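Participant: Here's a sequence, model it:
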Amino acid sequence: MSQWVVLVGRSADIDNAATPHKIMTSRDYLARPGLFRGQRPKIINLSRSYAYQSRGYYASLLAEARGHRVIPSVETMIDLSERKLYENALPELDAALAKALEKDAALPESPIRIHFGFAPEPRLERFARLVFDWFRAPSLEIHLDGKSAPPRIKRICFASLSKLDEAEEARLLAAMERYTAREWRAAKAKTPAKYGFATLYDPKEELPPSSVDSLKHWARIAARMGVDVEPITRRDLPRLANFDALFIRETTSINNHTYRFARRAMQEGMPVIDDPVSMIRCTNKVYLGELMAGNGVAMPPSVMVGSREDLQRAADELGFPMVLKIPDGSFSRGVKKVGDFAGLKTLAESWLEDSDLLLAQKFMPTTFDWRIGVLGGQPLFAVQYMMAKSHWQIINHEAGQGRPQEGGFKTFALSEAPPAVLDVGLRAARCIGDGLYGVDLKETEDGIVLIEVNDNPNLEHGVEDAAERDEVWTRLTRWFIERIER
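Facilitator: Numbering: from 1, shown residues only. As a prediction, this is how the structure comes out:
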């Protein structure tokens, strides 16, 4: 596990006994560039000033140059230097503050001091976390305009750490220890954990890409490799910097918190699956169609539908039945088969109310779809997913039994998978990036045809790993470790 290093203005600013982390002055940190060579410490910069070209400023600047993860970053220092640079955050923060004060309108003491995302009073906890999501800094002061109703934020700035009284300094140190603490217990490792991986999941998700049991299986394998795997949920964004890598195991969308987690991980310099670029590229089927066409990867004949005028062209070029898709659907959602022009018109007009573009594709019936798992540009697994009973997709969301109905599967050893299927799967995935992808393919009389590339593929113990077994999870762990150590 990467160590925490706390930088202070003077050695007397924090008693070493008050925290288990390594304490050193910002002056020493700046003067000793080789001190942490070969390591990736996490730096908490508690310098007395973050002003431009101050020691505190240079400490964060050089931490980034040395490949160390630091809080606050230089970007945060610049953002908080002028109101106009952070005013885009104020509407959301003002709304969160107003909500926090709905039941108790008594104004909190101003300025509100927020340490590591922790509030001075319970009613402000969610507000404090949101402030920390926006501006990751050890200690912030929120100055309120008490004349407005509800109260609004007048100014956000760094707290002057040298002016904190004993009680406030104790609260800062307690918050720091909570922020750096490990709250979940992972599987016991045979060797001490060198790294900590966060796994973002939703315990209530109906069709998660990996079940809790599968994640526990991975944790046991990773533990043997010196890695501590810890589940986190959407509430844990402020804790993300505690980890060395992030594996997103809930359905991704660029419109929800999964994208924010991916972005934050990238900003922290940690390897992440799925990364933001892959999410953007994979979640949009229109983009995929253009990308694959430009790279010579065959896909079903397609027509983009942007208005009613495009419907007749789709019918003429594709015939019926055809498949109509919402660009950013997932798990077979937003994908429907239409049997005639009337059905196409009705469905398209309905979907065009929410999406400016739709994708119409030629219907290519098969009894199964191939999925090739690709990690780091190399094949990871090969599975045939059978169509759901009496349905044309592998998942039937309208089965009428409460839960979506899925077809069966057959997993192949990579050495036994058809070379042509592997080749197309690899070529398609490499167009997207270096992460983990599930490439869906159909075998047709005219050759292998790409259906889509998924950025958040299923990885279920006993399914995708049924042939290659623990090698799947070992390679996943190794992928993260190699990128941490680069």
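Participant: Please identify the buried residues of stretch 298-318?
Facilitator: 298-300, 302-303, 305, 310-311, 314-315, 318 (16 or more other Cβ atoms under 10 Å). Glycine gets a C-beta too; all of them are placed from N, C-alpha and C.
Participant: next one: stretch 271-291
Facilitator: For stretch 271-291, by 16+ other Cβ under 10 Å, it's 271-276, 278-286, 288-289, 291.
Participant: ok, now stretch 335-355?
Facilitator: Buried positions in stretch 335-355, judged by neighbour count with 16+ other Cβ under 10 Å: 335-338, 343-344, 348, 351-352, 355.
Participant: ok, so of those, who is nearest residue 67?
Facilitator: Using Cβ to Cβ, residue 355 is the member of the buried residues of stretch 335-355 that lies nearest residue 67, at 41.4 Å.
Participant: Tell me the spacing between the nearest residue to the closest one once chain neighbours are set aside and residue 168.
Facilitator: Nearest residue to residue 355, sequence neighbours excluded (Cβ to Cβ, 6 or more residues apart in numbering): residue 326, at 5.5 Å. Separation of residue 326 from residue 168 (Cβ to Cβ, to the nearest Å) stands at 51 Å.
Participant: neighbour count winner among the two?
Facilitator: Neighbours were counted for residue 326 and for residue 168 using other Cβ atoms under 10 Å; residue 326 has more, 20 against 16.
Participant: So the more buried one is in contact with residue 358, correct?
Facilitator: Yes. Counting by Cβ atoms under 8 Å, residue 326 touches residue 358, with 6.5 Å between them.
Participant: what sits in contact with each of these two?
Facilitator: Counting by Cβ atoms under 8 Å, 6 or more residues apart in numbering, the residues touching both residue 326 and residue 358 are residue 351.
Participant: Cross the buried residues of stretch 298-318 against strands and list the overlap.
Facilitator: 302-303, 305 (DSSP state E).
Participant: Among those, which one sits closest to residue 462?
Facilitator: residue 302 (34.9 Å).
Participant: got a list of what the closest one touches?
Facilitator: 289, 318, 359-362.
Participant: Please give me every residue in contact with the residue nearest to residue 355.
Facilitator: 285, 334-335, 351, 354-355, 358.
Participant: and if we set it to 6 Å?
Facilitator: Counting by Cβ atoms under 6 Å, 6 or more residues apart in numbering, residue 326 makes contact with 334, 351, 355.
Participant: before we move on, what about residue 59?
Facilitator: Going by Cβ under 6 Å, 6+ apart, the list of residues near residue 59 reads 7, 26, 29, 45, 47.
Participant: Let me see the ranges of the strands in the stretch 1-150 of the chain.
Facilitator: For the stretch 1-150 of the chain, applying DSSP state E, counting those that start in this stretch gives strands covering 4-8, 22-25, 42-46, 69-71, 112-115, 139-145.
Participant: With distance to residue 102, mean neighbour count and mean pLDDT added, can I get those strands in TSV?
Facilitator: Converted to TSV, those look like this (distance: least, Cβ to Cβ, whole Å; neighbours: other Cβ atoms under 10 Å; pLDDT from 0 to 100):
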stretch	distance to residue 102	mean neighbour count	mean pLDDT
strand 4-8	37	22	89
strand 22-25	41	16	90
strand 42-46	34	24	92
strand 69-71	31	22	89
strand 112-115	17	24	95
strand 139-145	16	18	94
